[in-house]
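Engineer: test case, fold it:
(chains A, B, C and D)
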Amino acid sequence: MGEFTIPVNKNIDSGGKPPSAEHSDKTTRRSYFGVLWRRFKRNKISLISLYFIVFLIALAIVGPLILPFDYKTMDYTALYQKPSLKHWMGTDDGGRDMLTLIIYGLRNALIVGFGAGLVEILIGVTIGALAGYFGGRLDNILMRFVDIMFALPSFLLSLMLVVVLGRNLFTILLAIGLTSWAGMARLARAQVLSIKQVDYIEAARSLGASNSVIIFRYVLPNAVGPIFVSLSFNIPGAMMVESGLSLIGLGIMPPMPSWGALINIGSRFILSTPHLILYPAITFALTILAFTFVGDGLRDAFDAKQSD
Amino acid sequence: MTNILDVQALKTEFRRKNTLIRAVNNISFTIKKGSVLSIVGESGSGKSVTMHSVLRLIPSTGKIVAEKINFMGRDLMRLTEKEMRKIRGDQISMIFQDPMSSLNPTIKIGRQISEVLLWHHKANPKEAKERTIRMLHEVGIASPIERYNQYPFEFSGGMRQRVMIAMALIGEPRLLIADEPTTSLDVTVQAQILALIKKMQEQNKMSVVLITHNLAVATMMADEMIVMYAGQIVEQATKAEFLNRASHPYTVALLGSTPKLNMKERLQSIPGQPPDLKNINLEGCPFVDRCSAKMERCSREEPPAVQLSPTHRIRCWLYT
Amino acid sequence: MWRYILKRIGFIVIALFFVSLITFILIKSAPGNYIETERLITQNLTDVNVPPDVKEAWEKMYHLDKPEWQQFLIFLGNAVKFQFGPSFKYPTKTVENIIVETYPVSLTLAGLAMLLAIVIGIPLGILSAFYKDTLIDRIAIFLSMIGTSIPNYVMAVFLIYILALTLHLVPSIGWGQPVNYVLPVLSLAIGPIGSITRFMRSSLIETLNQEYIKVARAKGGGFIQVVIQHGVRNSLIPLMTVIGPQLAYLSVGTLFVENLFNIPGLGKFYSSAAVYRDYPMVMGTTLFFAGIVMFVNLLVDIVYGLLDPRIRKLDMNRS
Amino acid sequence: MEPVIERMLEVQNLKKYFSVGKQLLKAIDDVSLEVKTGQSVGIVGESGSGKSTFARLVLGLLEATDGNVFFMESIAVQPMKKNNRSMTLRKYAQIVFQNPYLSLFPHLTIGANIEEPLRIHGVRDKEKRHLRAQELMYKVGVPEAYYDAFPHELSGGQQQRVAIARALALNPKLIVFDEPVSSLDVSIQAQILNLLLDLKEQYRLTYVFIAHDLAVVEYISDVIAVMYLGRFVEYAPKRFLIDQPLHPYTNVLLESVPVVGGSLKDVAGRGEIPSPLSPPSGCPFHPRCTKAFDRCRLERPEFIEVKPNHWVACHLYT
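Structural biologist: Below is the predicted model of the structure:
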């Protein structure tokens, strides 16, 4: 066996952490979010991913306004076309422009992703924070409820909800949000619980801060980190559920396109015209990866152990 | 040959991103057979890194350079990692600061101690178990047979440190390195653990290096003393010389800032902050900014080693 | 320990009751019914009006003529005996028949995928942790990132395109031969491989930073003793918390892959049942899946407790 | 003119029990104490003795199970009243914790941290707050350049200075210190201890100083109380407590304090502090006490004044 050393990145002798003395420039008042942004920017992949997501959002908003095609009109004179100058990504089995379909798919995925994420945050954080901050019986009751929600297979539940509520964008995002907030609730509770015990909350109480000031000024700013990180992973998660539903034929009603439906249809022509499935699959994969990288960057930025 | 360990010109550096941290900066010292050496210093003084370097137990970002590290006639710098492993735990062993985190939480206490014998092929499993139980008894753990099969979380802090001592001593090492062994313990337990280490040292006639930030603990245990500051040895002396003629301004100030019972005068405090190893002034004396006796040349020229007696050496311009 | 398990089983029973209740309520409040949907979709009839006598006989067969609370009680009573009655779509078969016939296919897929994930993920994670910040590590992180973030049905597309269509290593379609398992299992496994690698890496890095690892080195341990016996061992325990949800996810996640590859597994039947509003099938299978997921989680927790002495000796006695 | 307050803090028969599973943990069990204005009382004890719980109880950060605490003679801290925050208490009584990094608001700059008490107590004028923060930073010796730095950018000693500055912001009368120097280096520890003595003199502060190091406690305090398993076992002016300790536990503590140039003594106190979940019968110290006799095992000794102002709970003196 050869030489080996164990990778360790601990401080040696716990010293070596003196203050860096370059704060003499007093004209710039530093803010917490400024510091976070500076740390986030250091991760180049995350930064590029963030720009990419901003670009995707812009595309989803502007795209449908300026595209020369729409997603409904079939063109039977132009079926299964390969990419060309007119149809950058070719056409599908109904002669519709693939680029148009993909951009609409993107729009729908983003709406469902952010919408479901918002629903999860609203329900999860409210329940988790209440349970964590007040504790006792309220905590017990709420957390048993969360336990049950957590144990249920959320995909099957959202599938059933879609069957009941109908198949449009809003019901789908609601169905996804309503069934997948349990993890967020646990996270929010754990965050609030751990921060509640930190000395600075006790210090705030000893200074006479009121409950609401404690929650909004001290607990929340320090608790949001993991919640935002989790959100940046849940948004692509919701997109996957949306596409998954479409894939098995329970997503947004056709002809409105969804990435899952595009993949499903494309899979039938994978031998003859693979671009029908490859383009949506690639855009989908890139979008989700971008969110994951942003989440990773956020996690590192919020990690207080990191110096800057 | 009376020295068990002879370290000459040891340097340990860590590279982190673009900064070079000189944790140990060119130090030399020896330890006599069967004696206790205390290394005292504040955080960042390099006292732990020094002894970790001797055992080559530093993170992979670190680099050790030394003229020689002679242990019982062998130069540790020339040993391969494999040969070095045969020395660790067997001939040189270590006790660490925090007994709560130094034991593997999922492995039985007995197993963790007997591993030393098994890894070094010094006993078969049955003998190892018997010797472990005897060792547990020797370090003052009641009902060692039951304790053998328990897990760390079933032990109090003091008991865990006894387990660590048993683990360090079962291989019958010639040199024991105790790295802040009592820092995380209550004072009453600290006294017990120190007494145990001293007892085992005398019984096994081994040498001990005690690393500590507590001057009082250091003097109570030591035959010889080393004071470190910013990776350098600023003063080394026998215990008697240290107690009677501590000479380096840092040593004197450190003695003055240690709270004692029945103090009549105020604590002497050393101004400023502990050194920043990232930007030490390599030109002059590292203590110059905090020194009350500094002279003009102190910040320009590196202080020389001054021999106050054959066994008492300091690095300071005051005594030239 | 036994009390703990009993308590958990009690919790599972309660949760399953809620699952049945929620599914039942959802189904009852859903618009449209099977007969109409079936006629609309499969028989291509525009006239959805079913003759009254046909409808009545049909309703009788499925107890749909009784009040809803009675229907629910009948369902519960039978569910306890693992009987869910005949399916709407396949009136000659009971739902439990279909489950017993088709679940082994899904289970094999999920099981093989998990096995593959463990066999690849754990060593990859160890390697990545041990060679932290080197090229090997960066590649492993990137691959696991892709694995965890790209859904298995998208992964399947890429795999078909690369392995079947470009390299011609395996057939892209068909079912029945062992070789047909390659693509679905691979596409299912990549997600868990990513998760396990990532978790193993971060967990092992954290473990290797522990003081007791340094102690083990100071005792003279080599790679096997320090990294494997002290390090990996302790990282494997928390890994159980990842494997549990992954297993649960897989037992449902085969659904997409089965649809995409046209594999006759339970997932495929389940999703078409949902499309056709084959309610006995939907209810029975949902309950079955929910039970599997919770049971797997219980198993994982028990194994976790057995591995970690602190939990084994303290928590389980107390709770 | 303000009325003269003689007794800054009065603690009467204070109790705090926690339930741990089905067991009862008596963290503080019938403790009484009086802190006179301008006095500094040290409380010394090993880990698990309940001294931190005591600090939180006297400031009303925890609700006591039983007993009374009065601040400035008129403000009832314990029993705690629901929904009634005494802003006088919050203004005039402050606390400094062991770990300054955990006690400073991590998302606020050093300046904002020091100004926070002013904000909470309604000082709206930004400029005024800024000036006060600068003044306090100067007082405690934190360079002005750190005003816009974040807590994690400072060394431990500097962080503790900031925490002290924050505690001083509202001109308090009482400050409770919970192990304020035990995480600091020796040279920094001395700086902070001297700073505390200076501040006390300058602002006529009253201190409750909690620590495990008897030498440190002695340096700061006028009177010392020794705590063991949630009870006081001895209380006396520091000269008497150090020179003529009565309780065997105080003796053990004194003997255990390492002394420069001292020799290793065979310390009498065997073993470690027992778990507060299962305290020994009778006198809680009897299993470790070399002078224990039958009565100690059976009967809990009363805390009595055996000499003027020298209290002890030990059967040797009854």
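Engineer: the host helix or strand of A:Gly128 near chain C at all?
Structural biologist: If you go by DSSP states H and E, A:Gly128 is part of helix A:98-134. No - counting by Cβ under 8 Å from any Cβ of the partner chain, chain C has no neighbours in helix A:98-134; the shortest distance is 11.6 Å. To be clear about C-beta, it is placed using only N, CA and C from the backbone, and glycine gets the same treatment.
Engineer: distance of D:Ala32 relative to D:Tyr317?
Structural biologist: Careful, residue D:32 is Ser; it's not Ala. D:Ser32 sits 18 Å away from D:Tyr317, going by Cβ to Cβ, to the nearest Å.
Engineer: one more: D:Val20?
Structural biologist: 33 Å.
Engineer: comparing those two, which shows the higher neighbour count?
Structural biologist: Neighbours were counted for D:Val20 and for D:Tyr317 using other Cβ atoms under 10 Å in any protein chain shown; D:Tyr317 has more, 15 against 10.
Engineer: residues of the top helix by length along chain C that come out buried?
Structural biologist: Longest helix of chain C, by residue count under DSSP state H: helix C:95-130. Residues of helix C:95-130 classed as buried: C:95-96, C:98-99, C:102-103, C:105-107, C:109-110, C:112-114, C:116-118, C:120-122, C:124-130 (neighbour count, 16 or more other Cβ atoms under 10 Å in any protein chain shown).
Engineer: by contact count, what packs against that helix?
Structural biologist: Helices and strands touching helix C:95-130, by 3 or more Cβ pairs under 8 Å, 6 or more residues apart in numbering or on different chains; DSSP states H and E, are helix C:135-149, helix C:182-208, helix C:233-261, helix C:266-276, helix C:279-307.
Engineer: just the strands in chain D please.
Structural biologist: Taking DSSP state E, the strands of chain D run over residues D:7-20, D:23-36, D:40-44, D:66-71, D:75-78, D:93-96, D:174-178, D:206-211, D:223-228, D:231-237, D:304-307, D:310-312.
Engineer: near chain B, anything from the lengthiest helix in chain D?
Structural biologist: For chain D, the longest helix by residue count, based on DSSP H, is helix D:186-203. Yes - Helix D:186-203 is in contact with chain B by Cβ under 8 Å from any Cβ, via D:186-191, D:193-194, D:197.
Engineer: and that helix with strand D:174-178, angle?
Structural biologist: 170 degrees (axes from the mean of the first three to the mean of the last three Cα atoms, to 10 degrees).
Engineer: tell me the contacts of the closest residue to chain A within chain D?
Structural biologist: As assessed by Cβ to the nearest Cβ, chain A sits closest to D:Arg90 within chain D, at 2.9 Å. By Cβ atoms under 8 Å, 6 or more residues apart in numbering or on different chains, the contact list for D:Arg90 reads A:206-208, D:120-121.
Engineer: let's see it at 10 Å
Structural biologist: A:205-209, D:59-60, D:117, D:120-121, D:170, D:172 (Cβ atoms under 10 Å, 6 or more residues apart in numbering or on different chains).
Engineer: what about the most centrally placed residue in chain C, distance to C:Leu26?
Structural biologist: Using Cα atoms, centre = their mean, the residue of chain C that lies closest to the mean C-alpha position is C:Ser251, 2.0 Å off. Remark: distance between C:Ser251 and C:Leu26 (Cβ to Cβ) = 21 Å.
Engineer: and what of A:Met256?
Structural biologist: 24 Å.
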